[in-house]
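*Asks:* give me coordinates for this.
(4 chains)
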4 protein chains.
Amino acid sequence: MSVEKRFQGRVEIVRFESAVLRGNPAGDPHERRIPVYLPPSYDREPARRYPLLLALAGFTGRGRMLLNDNPWSPSLDDRCDALIAAGAPEMIVVMPDCLTRFGGSQYLDSTATGRYETHLIEELVPWADGTFRTLAAREHRGIAGKSSGGFGALRLGMRHPDVFGALACHSGDMLFEYCYRVDFPKACAVLQAAGGVRRFLDAFEARPQKSKDDFLTLNIVGMAACYSPDPAAELGVGLPFDLATGLPRDDVFARWLAFDPLRLLPAHAEALRSLRLLYLDCGTQDEFHLHHGARAFTAELTRLGIAHRYEEYADGHMNVSYRYDQSLPALARALAG
Amino acid sequence: MSVEKRFQGRVEIVRFESAVLRGNPAGDPHERRIPVYLPPSYDREPARRYPLLLALAGFTGRGRMLLNDNPWSPSLDDRCDALIAAGAPEMIVVMPDCLTRFGGSQYLDSTATGRYETHLIEELVPWADGTFRTLAAREHRGIAGKSSGGFGALRLGMRHPDVFGALACHSGDMLFEYCYRVDFPKACAVLQAAGGVRRFLDAFEARPQKSKDDFLTLNIVGMAACYSPDPAAELGVGLPFDLATGLPRDDVFARWLAFDPLRLLPAHAEALRSLRLLYLDCGTQDEFHLHHGARAFTAELTRLGIAHRYEEYADGHMNVSYRYDQSLPALARALAG
Amino acid sequence: MSVEKRFQGRVEIVRFESAVLRGNPAGDPHERRIPVYLPPSYDREPARRYPLLLALAGFTGRGRMLLNDNPWSPSLDDRCDALIAAGAPEMIVVMPDCLTRFGGSQYLDSTATGRYETHLIEELVPWADGTFRTLAAREHRGIAGKSSGGFGALRLGMRHPDVFGALACHSGDMLFEYCYRVDFPKACAVLQAAGGVRRFLDAFEARPQKSKDDFLTLNIVGMAACYSPDPAAELGVGLPFDLATGLPRDDVFARWLAFDPLRLLPAHAEALRSLRLLYLDCGTQDEFHLHHGARAFTAELTRLGIAHRYEEYADGHMNVSYRYDQSLPALARALAG
Amino acid sequence: MSVEKRFQGRVEIVRFESAVLRGNPAGDPHERRIPVYLPPSYDREPARRYPLLLALAGFTGRGRMLLNDNPWSPSLDDRCDALIAAGAPEMIVVMPDCLTRFGGSQYLDSTATGRYETHLIEELVPWADGTFRTLAAREHRGIAGKSSGGFGALRLGMRHPDVFGALACHSGDMLFEYCYRVDFPKACAVLQAAGGVRRFLDAFEARPQKSKDDFLTLNIVGMAACYSPDPAAELGVGLPFDLATGLPRDDVFARWLAFDPLRLLPAHAEALRSLRLLYLDCGTQDEFHLHHGARAFTAELTRLGIAHRYEEYADGHMNVSYRYDQSLPALARALAG
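*Replies:* Reported below is the predicted structural model:
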C-alpha cells in the first residue's frame, strides 16, 4: 500500500497526563502515550478543520497497537493514507490508551479499574478539540473499534449522542451468554489452580510466555473487573462463579448482562436513530460467536426502523483489521457532510 | 495383560429383541447385539450364581464398543479377566446397547428417542436374571459407566434403589451449565448452516468423515432429544436455542437442568445413602469441565453424610477406561458381600 | 448397515500358536488371537471352497482391531456381510496379528522384532489353507491393508507373486523421505528427553494416557526396529539419528529407503504385472503426505504399462476404513474369477 | 517497564533510498523505512560517539516490527531504554528492512530477491556511520537477530569479521534438514494446489486472512528464493521438490545446505574466534527444532575452542523477544569496551 508523499499524513504520539485516571484503583499509569493521526493536508492547510474519530483498540490493546507493522496488513495510519489517496475525506484520528492491568477497561467506569468512560468523554475529547483543529461538534465526531473496541464504540455511541454522530462496531462484544459465559468453567479452573485473582495476575505478568488459557482467563477476569466490580472482593473483582465451589453465580452474571449492547438497545433507540452512520459487521466464523449477537442486534434495529449498515464476511475474530477499509471511508463521508 | 486360561471368562454377544424399543420414534432398530461377559468359573461351576453389573457406554457408544481392541488399553472383558486373576470377585457383566440415531439415549425415556430407561429396568434386567445365573437381588446388582454412561449409572442408581445396590460414575455428565451450555453457540451455528436438525443428521450420517464440530453438534442435538423432546419440533427435538434468531432459550434449558444429577441429588438422598458402594471419579483436566460438577456433587454428598468414594486424577475426558481398574474391583466386592 | 440373516457371515477368533514367533527378540507373545471371517454360505455349503484374503491392520493395530465397533463405520465383518448382500463374491478373510512391542512389524522379518514375513507366508497362509475351505492357489489369494497394512500388502504382494494374486494398498507407507523423515527431529528430542529407546518404551507402556508426541515417537522407533535393526544398539533398534548429537544419520536412513515400495518397484515389476488386481488409493489430505508417494508409485506403474486401479479422495489418513467398500468387492471379484 | 525521562532514547524512522536494491528482481520497493534508536544521552552529549548494533527481524518481518507495541512484551526501543536505565552501556540500534515479496531475504544476495547482504554491508553500515555518531570500527559494531534474523546475524558475522566485532543469534535457522526439510511435502502440496509459485504468491497476497499452511509454504518458497534461486524457474525460484511429480530434489537441497551455519562453521572458525562476543540461545521446545542445530553448532564451537555464550530456556520459537534482555546488555558491554 505505497502512497505518494502528498497523501501521507503523520502520527504524533502524545504523552497525555490524565487527571481522571490519576490514582486509579488498578495502579495503572495515568500518563499514556496516545497516537494522533493528522491527515495529509493538515500541515499544508493551517486554517482547515477536520472531523475527529476515536479509534478504540480491542482487549489487551491500546492505541499504539493500531500502528503495529505487518507486511500484509497496513497499520491504521497507513490505511488512512491509502483510503484518503483513494478519495476518502480526511479525518483526525485519536487512538486512546485505556489499557489496564486486567487487560482492558471496556471503555467504562469501574471501581476496579478506573473511570475510562469519563476519561474519554470528559477529558480526551475536549483535549483533542482544544489541541488539534477538529470540527468540534457531534455531527463531525465519530467513534469506532473492533472487539472490545467495537463494544466501546457501540455503547459510548448509544450513551453519548451529544458527543458522537457516527459509529462503527467491528465484531463487538454482545450476547454475553455466548461470547463470555462459555469460558467460565475453564477460567474458574485456572483461577482455582492459581490461587485466586491476585496470584493469577501476578503469575501472568511474570510469565514471559502466555498461554491460550492465560488469555482466556485474563479475558474473564478483565470483564469481571469492568462489569461486576466488587470492593469486597480480591482486587475489587466480583467473579461470575464461586472460586470455592466452582459453581456459576447467576446474580453476578446478571450485572454483566446489564452492559450487553443487546439489552441496552431498547433504552437507547433514539440515540441510535440520531446517528449519521451506524455501521456494524462481524465474521461468520467468529470464535467468540459474536455473529449471533450482531445478527440479533441488527435484527432489532431493523424491527425498530433504525437505519444502519451491517455486513458479514467469511472470517473469524482475529486479524480482521482489513475491515476498517469498509468502515473508515463510510465514517469519513458521514462526518464530513 | 496376558491371563492364564483358568482366569479367562468368555463373551456371548446376544441378539436381543426388545419389545419396549419396537417402533421407537427415532426409527432405530429394536433388535440389539448385547455382549454378556460370563466370568471364568461360570462354565466350570454350573450351580454358582453371580452378581450382575450393567456397564453403560458413553455418548456415541454401545455395549460392543466396550470390547473394542486396543494394544495398550484392554477391552472390558480382558480387564475383567485380569482383575479376577488379581483377586477380584467374579461378576456377570451385561453391556446394553442404548444407542440412537441422535448419538445416545442418556438411558432415559424420551418421546424423541424411545423408552430406554424402561428397556433397561423392566426388560433387560429381568431378562438377564432369567437367562444367566445371576444373584437376582438389588444387593448383588450394580450399574456403572463413563461420561453419558456415568450419568446413566448415577441417575438410574438414584431412581431405582430397588434394582441397584451399587454404582460407579466415571466422568459423568453433570453441572449442565458447564458441560453442555458452553457448546450451544457453536451447535446453533452448525445447525443453522445445515438447515435444521433433520438436514444436519442426514448429512452427518452421509459424511464418511465426521468433524469435531459434527460431534459437538450431535452431542447437543442428542441431549436435546433426551432432555427436552418436543413433539411439535423437527424430529421431536426441542432445541435450547432459537434456530431463527440464534438466541438461547432458557425455558428449554430449564427442562435440561431438571435432569442434572446435581439437582436430582436432594430428592434422592435416601436412595444414594442406601447403596453399598457409591463410586465417582473425574479427571482434573476434563474437557467438558465435569470435575467442577463432580466436586460439587461429592461436596453435597459429604454435607449430607452420604458415604461415597471419590477420586480425581490428572487426565482429561477421553480414553480413561483404565479407571475401570479402580471401580470394577470395588463394585465386585460390594456386590459379592 | 443392517443385513438379513442369510447374508450374515460369522467370525471365529482363533488362538494361534506360532512356531516362527516363539522366542521373538522383542519378547512379544507367540500365541495370537486371529479373527477369521467365514462368509454367509460357509456353514450352509460344506463342500464349497472360497478365495482367501489376508487383511492387515495398520501401525499399532492387529487383526482384532478390524472388528472394532463404531456406530457410523462398520467393522470389517459387518462390511463384508453388507458387500456380499449387495452382490460381491464371498471370501474367507484372515486378520493376522503382527503387533509388536514397538507398535508394529511392517509385516517383515527383523532381528529386532521377529520374523513376521515368514510367519505370514510360511506359517499363516498354509495354516489357513489347511484349516478352512480355501481355494489354495495364488489366483484365489489376496492381501490388503491400510497404512502400514497397505505397505505390508504391497511389499508382500511384490515379493510373493507365487502366494498372492491380487492386492489392495490403502494409504500405504511409501516415499519415506516424506512420510517418516519429517518426524525425526521431534522423535529425536522425545527420545533424548526420555533417556533412550528402552526408557521411552517403558514409560510409554506405563503411561495410561498416550500423547500425540508419544505416538509420533513410537512410530519412528517402530520403523527403525523394522527397517534398520542393529544388534549392537539398545533393544536392537538402529535409530536414523544420533541420540547424543541429535544429528540425522543418512547411512541408517539409507537402510530404510531400501524398503520403500517406490524403490522396490523396478525390481518387482513382473510380479506386479502378474496380479489380477493391483488396487491403490490415498486421501489427498493425508497427514503423512502419502498421496505424494501414491502418485509417484502409480505414475511409475503407468510408465511401465502395469495395469492397476488408483483412486484419490478428499480425506486424510485416519478413519478411512470406508475405503474398503471400494477395494473388497474388486478383490473378491478378481479372486473369484 | 516504565522509565524515567532521562533514560529515554528516541526513535527516528528514516526513509532510506537504496541504490543497491533499486530495480531488484522481486519488484520490492528500494525505499525503506528504517528505524534508528538513538540512546538517552545522544542529544544531550553531542560530541559523544556510540557503538552500533544492527538488529535483524525474523522471516516476514522488517525493522519497524521490532517496535510493535505489546502490553507485556516491550518494543525494542522500550527494552533498550529499560536496559540502559538498569546500567547497560548505550548503543545506537539500526533496524534494517530486508523484507521481500517472498517473506524475507535471509540477509543475503540472491538473483531472485536482490542483493540484501550487499545492501547491509556496503550501503547501510557506511550510511549509519556517516549519519549518526557511531564508533565506526568493527570492535564497536555488532549484529543481532532472531530466527531468520539470527541466521543473518550469525552468517554475516562469520563472513564479515572486518565489519562486526560481536553477534547474537537467537533461535537462528540452522540444521536445515530439521528446520526446513520437514515442511517440503506440505509446501509441495500447497503449491501444486495453487498452480505454482506465482499463483500461490498472488493468491496469498490477495487473501485478507492467511492460514498456517500459507505461512508454512511462504517460508519454503522464501528460503528457495534465497538459497536456490534459478533464473530458469518461475519467478526465479528453484524449488527443492519437483512440482510435477511431487518428489524431493536433493540436488536443489544441496544448494540450501551450503548456506547452513553448521556447514559454514569450519571455514569461518577464525572469524568466529575473533569476536568479542558470540552469543547464541534457543528454546528447548522450538517448533522448528532449532535447538538440535544450536546444540550441534555450539558443540562444534567448544570442540574448536571458540569462546561463546550459549543458553537454553524452556520455551518455543514464537514470542521470545524477552531473550533480548540477555543478549543486548552483553552486546553493549562487549562493543563498549
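*Asks:* any chance you could list what contacts stretch A:297-304?
*Replies:* Here stretch A:297-304 makes contact (C-beta atoms under 8 Å, 6 or more residues apart in numbering or on different chains) with A:Met174, A:Pro261, A:Leu262, A:Leu265, A:Ala269, A:Leu272, A:Arg273, A:Leu278, A:Leu280, A:His308, A:Tyr310, B:Thr245. No exception for glycine: its C-beta is placed from N, CA and C like everyone else's.
*Asks:* residue contacts, A:Gly246?
*Replies:* Counting by C-beta under 8 Å, 6+ apart, A:Gly246 touches A:Pro185, A:Cys188, A:Ala189, A:Gln192, B:His292, B:Arg295, B:Ala296.
*Asks:* check contacts around A:Leu124.
*Replies:* By C-beta under 8 Å, 6+ apart, the residues touching A:Leu124 are A:Phe16, A:Ser18, A:Ile34, A:Leu54, A:Val94, A:Pro96.
*Asks:* which residue sits farthest out from the middle of chain A?
*Replies:* The C-alpha centroid of chain A is most remote from A:Thr245, which lies 33.3 Å away (C-alpha atoms, centre = their mean).
*Asks:* not counting sequence-adjacent ones, nearest residue to A:Leu328?
*Replies:* Nearest in space to A:Leu328, with sequence neighbours left out and distances taken as C-beta to C-beta, 6 or more residues apart in numbering or on different chains, is A:Leu83 at 5.5 Å.
*Asks:* again, but for A:Leu272
*Replies:* Nearest residue to A:Leu272, sequence neighbours excluded (C-beta to C-beta, 6+ apart): A:Ile306, at 5.2 Å.
*Asks:* one more: A:Arg133?
*Replies:* Spatial nearest neighbour of A:Arg133, chain neighbours left out: A:Arg49 (4.8 Å); criterion: C-beta to C-beta, 6+ apart.
*Asks:* the one you found contacts A:Leu135, doesn't it?
*Replies:* Yes: between A:Arg49 and A:Leu135 there is a contact under C-beta atoms under 8 Å: 4.8 Å.
*Asks:* all helices for chain A, in order.
*Replies:* Taking DSSP state H as the criterion, chain A carries its helices at A:76-85, A:116-118, A:125-131, A:148-159, A:176-179, A:184-194, A:197-206, A:212-227, A:250-257, A:261-264, A:269-273, A:290-303, A:324-336.
*Asks:* which of these is buried the deepest?
*Replies:* With neighbours defined as mean count of other C-beta atoms under 10 Å in any protein chain shown, the helices of chain A peak in mean count at helix A:148-159, which reaches a mean of 26.
*Asks:* can you name every helix or strand that it contacts?
*Replies:* Using 3 or more C-beta pairs under 8 Å, 6 or more residues apart in numbering or on different chains; DSSP states H and E, the elements in contact with helix A:148-159 are strand A:52-56, strand A:141-146, strand A:166-170, helix A:261-264, helix A:269-273, strand A:277-283.
*Asks:* follow-up on the earlier one: more crowded one of A:Arg49 and A:Leu135?
*Replies:* Neighbours were counted for A:Arg49 and for A:Leu135 using other C-beta atoms under 10 Å in any protein chain shown; A:Leu135 has more, 17 against 14.
*Asks:* which residues does the more buried one contact?
*Replies:* Applying C-beta under 8 Å, 6+ apart to A:Leu135 gives the contacts A:Arg49, A:Tyr50, A:Pro51, A:Leu52, A:Arg141, A:Leu335.
*Asks:* any idea which of those residues is closest to chain C?
*Replies:* A:Leu335 (48.2 Å; C-beta to the nearest C-beta).
*Asks:* leaving out chain neighbours, which residue sits closest to that closest one?
*Replies:* A:Leu335 sits nearest to A:Pro51 (C-beta to C-beta, 6+ apart), 3.6 Å away.
*Asks:* for chain A, give me the ranges with low pLDDT.
*Replies:* A:1-4 (pLDDT under 70).
*Asks:* what distance do you get for the residue nearest the centre of it to chain B?
*Replies:* Centroid check for chain A by C-alpha atoms, centre = their mean gives A:Gly149 as the closest residue, at 1.4 Å. Distance of A:Gly149 to chain B, computed by C-beta to the nearest C-beta, to the nearest Å: 21 Å.
*Asks:* which residues does that residue contact?
*Replies:* A:Ala55, A:Leu56, A:Ala57, A:Gly58, A:Gly61, A:Tyr107, A:His170, A:Gly172.
*Asks:* contacting chain D as well, which ones from these?
*Replies:* The subset of those within reach of chain D, by C-beta under 8 Å from any C-beta of the partner chain, is A:Gly61.
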